[in-house]
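In: no sequence for this one, just the structure:
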């Protein structure tokens, strides 16, 4: 029988355990007096990255706003698993209208708060990648362009998971979905398509754009807090692995999210007014295979007819990201393996 | 104060008197003059506190309105035609959530073929959305209905659409009495929401509802509309008491006391119909008119009562359900069933075609002779249609019908038609 060794710090993550930090640098989540923006009892899948990301993001936003928060939600997994009538997991003021209009609804809430003299009330809008990059894109771009006082958080699981895993414009190349099956010369999703929404957001010159993953929740919290210090349109794009849609083990969610960052496939950075102001460097550069092999949506690349050519093209994308954002530097890259686990 | 004023301006100034807190709109003809005027008043600081938000689409306009209303602000928007269809998902959503948004619909045809002129296809397309739909006969009534609409919407927590004929009303300059601020303030109390996004008392609005409760939620929406049916006459009466003016209500009858033929219609065409009726009265015919102000909720009892003595009911409407016939006519036929009356459906004025008094006189004469068919398309150029049918029969690739008809009208056939 194999057993996983117990670790007292996050092996391989380079993250320092929360208990080693002084109080004010500890996570919001570690505080027993924090809010429970999303209460337990919801119906998210085991290992759901989205609910993890949403919980950390919203509790951080609640702390940053002294509890004066309204959340607007697009249709999608997060809305469905949190509110089957008459149960609700939301312990904050929460509004769901439609799939494609969360940014505009949030604009309306923010406007109402201003005319009502409640400028202390802050507004967060949240959606999955479909509600952000596809059906909600028009409203999102409008909200950005007007610089409305809304923090928009995209929980990106790279597809329409709620409806049964179909392709979105955030689905990466080669990934299998129900509408990009593994047939033909380019099995899975095709190359050369899709939207890079953080860069599109930056092109709107909004005051703050950041990306994060659920592998570094402390970083996610800090970015939410930074975003809440700013008024105007802000965008936070959080990579949230989906065990169901990605075909990954439910206990691998955080590991996979970390590999997305460490391979360079998902660059983690911050930008203000259209300019990158900081990146989370890759600590141990990892070939994309390590990330891909953990997910059945890429199984066709490693099956009886392996496709190293396609893996190489994905590696090129990672390498381009690394070059674009400067994710690897001599100072930061740790080439010495400190692997402890067997 | 009575002023010579454009209908859009009258509506804008009246909306301003209602002290909206968030106004959000996307421009579309023929609604533009309304939102331009409201926007200017907000920018000039005349409506403080009020936010005017320019958005990228009608879908966003209604979505912003949803957010603002759910956060407790008195919210107004306006649209027309394609704009209403582009926001239709949010239109249903606003009603489903029970948000008392008031919207002006500057009624306009729906394409294709694209057409900016007036008919009621847009309003009919959202008939079942859960919005209250009030139709204005005149610019005075269009202005007055907005004050009543805010009160009705907020009393019931139901959105209200004030329908006014595009161009015919929105762009017509005529005498309108604009109310005093004190009168509006006395009539319209501050908005006290039934549900509101408040961090101090957090609620979830817009939760998922399954089969176990969906029908009940929908039935409650129906009950609120039935409640509106009971309140609309009272609100109109209260309005009359403070303004001295009869505006709104469920419906209005004209010369129906002894009428055996009654024409039923919505909106501004009622004026022309009354003129035609007056002339036919002089010829000795017993004709009258019922104008319906509240289309949704549909005042079934009041309509039945108003039509109870008629043997011929002619429903003239600027929309129809393609493949069947009149929409309003269907409602009217249903409520008078069992009575000894025949209902005739007349489709007229589509895409801005003028409904002339002369055509209406001819229609009434036809009815008096007993020649009226159950479904009539008023002033239809059947010869032009037949020529297009011939082209289609002769050639597989006959091309786009709309363009063919326009070319046809520009030819000798069309020219002779115009001369006659």
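Out: Received the coordinates, thanks. Note that the structure is a prediction, hence the values are computed from the model and not measured.

In: tell me who's in contact with residue A:89.
Out: A:38, A:39, A:40, A:41, A:42, A:82, A:83 (Cβ atoms under 8 Å, 6 or more residues apart in numbering or on different chains). C-beta here means a position set from N, CA and C on the backbone, and glycine is covered the same way.

In: and it, how far from residue B:111?
Out: According to Cβ to Cβ, to the nearest Å, residue A:89 and residue B:111 sit 44 Å apart.

In: need the residues of the stretch 1-150 of chain B near chain A, please.
Out: Applying Cβ under 8 Å from any Cβ of the partner chain, we find that the stretch 1-150 of chain B lies next to chain A at B:21-22, B:24, B:49-51, B:53-57, B:59-61, B:63-73, B:75, B:89-90, B:93, B:97.

In: which of these fall in helices?
Out: Filtering the residues of the stretch 1-150 of chain B next to chain A for membership in helices, criterion DSSP state H, returns B:59-61, B:63-70, B:89-90, B:93, B:97.

In: neighbour-wise, which one of the residues you listed leads?
Out: Greatest neighbour count in these, by other Cβ atoms under 10 Å in any protein chain shown, goes to residue B:64: 36 neighbours.

In: picking up where we left off before, hmm, which of the contacts of residue A:89 are the buried ones?
Out: Buried members of these, scored by 16 or more other Cβ atoms under 10 Å in any protein chain shown, are A:38, A:42, A:82, A:83.

In: and the last one, what does it touch?
Out: Think residue A:83. The neighbours of residue A:83, taking Cβ under 8 Å, 6+ apart as the test, are A:89, A:90, A:96, B:204, B:206, B:207, B:208.

In: go on, the third one?
Out: Contacts were defined as Cβ under 8 Å, 6+ apart; by that measure residue A:82 touches A:38, A:42, A:43, A:44, A:51, A:73, A:88, A:89, A:90.

In: state the helix or strand in which residue A:276 lies.
Out: Assigned by DSSP states H and E, residue A:276 falls within strand A:275-279.

In: that strand: what's the following helix or strand?
Out: Criterion used, DSSP H and E; the element after strand A:275-279 is helix A:288-292.

In: name the nearest residue to residue 248, ignoring sequence neighbours.
Out: Just so you know, I chose chain A. residue A:295 (4.9 Å; Cβ to Cβ, 6 or more residues apart in numbering or on different chains).

In: right idea, wrong chain: chain B
Out: Nearest in space to residue B:248, with sequence neighbours left out and distances taken as Cβ to Cβ, 6+ apart, is residue B:236 at 4.0 Å.

In: pLDDT wise, what is that neighbour at?
Out: Note for residue B:236: predicted pLDDT of 98.

In: and for the one 4 residues further on?
Out: In this prediction, residue B:240 carries a pLDDT score of 98.

In: kindly report the same for residue B:195.
Out: Listed pLDDT for residue B:195 reads 96.

In: with residue B:79 instead?
Out: You'll see residue B:79 listed with a pLDDT of 98.

In: list the buried residues in the one helix or strand residue B:224 maps to.
Out: Following DSSP H and E, one finds residue B:224 within helix B:214-243. Of all the residues in helix B:214-243, those buried under the rule 16+ other Cβ under 10 Å are B:224, B:225, B:228, B:229, B:231, B:232, B:233, B:235, B:236, B:239, B:243.

In: packing partners for that helix?
Out: Packing contacts for helix B:214-243, counted by 3 or more Cβ pairs under 8 Å, 6 or more residues apart in numbering or on different chains; DSSP states H and E, involve helix B:88-97, helix B:139-156, helix B:181-187, strand B:294-296.

In: and the contacts of the shortest one?
Out: Applying Cβ under 8 Å, 6+ apart, the set of residues contacting strand B:294-296 from outside is B:123, B:127, B:131-135, B:163, B:225, B:228-229, B:232, B:249-251, B:266, B:328.

In: looking at the stretch 151-300 of chain B, which residue is nearest chain A?
Out: residue B:206 (3.4 Å; Cβ to the nearest Cβ).

In: count the neighbours of the closest residue to residue A:262 other than its chain neighbours for me.
Out: Among residues not flanking residue A:262 along the chain, residue A:286 sits closest, at 4.4 Å (Cβ to Cβ, 6+ apart). Residue neighbour count, defined by other Cβ under 10 Å, stands at 18 for residue A:286.

In: give me the beta-bridge partners of the most centrally placed residue in chain B?
Out: Of all residues in chain B, the one closest to the mean position by Cα atoms, centre = their mean is residue B:163, 3.1 Å from it. Counting by DSSP bridges, residue B:163 is bridged to residue B:105, residue B:135.

In: pLDDT score assigned to it?
Out: We have a pLDDT of 98 for residue B:163.

In: for the one 5 residues further on, same thing?
Out: According to the per-residue confidence, residue B:168 scores 98 in pLDDT.

In: before we move on, the earlier item: pick the one among the ones in helices among the residues of the stretch 1-150 of chain B next to chain A closest to chain A.
Out: Proximity of these to chain A (Cβ to the nearest Cβ) peaks at residue B:67, which lies at 2.6 Å.

In: disregarding residues adjacent in the polypeptide, which is nearest to that closest one?
Out: residue A:108 (2.6 Å).
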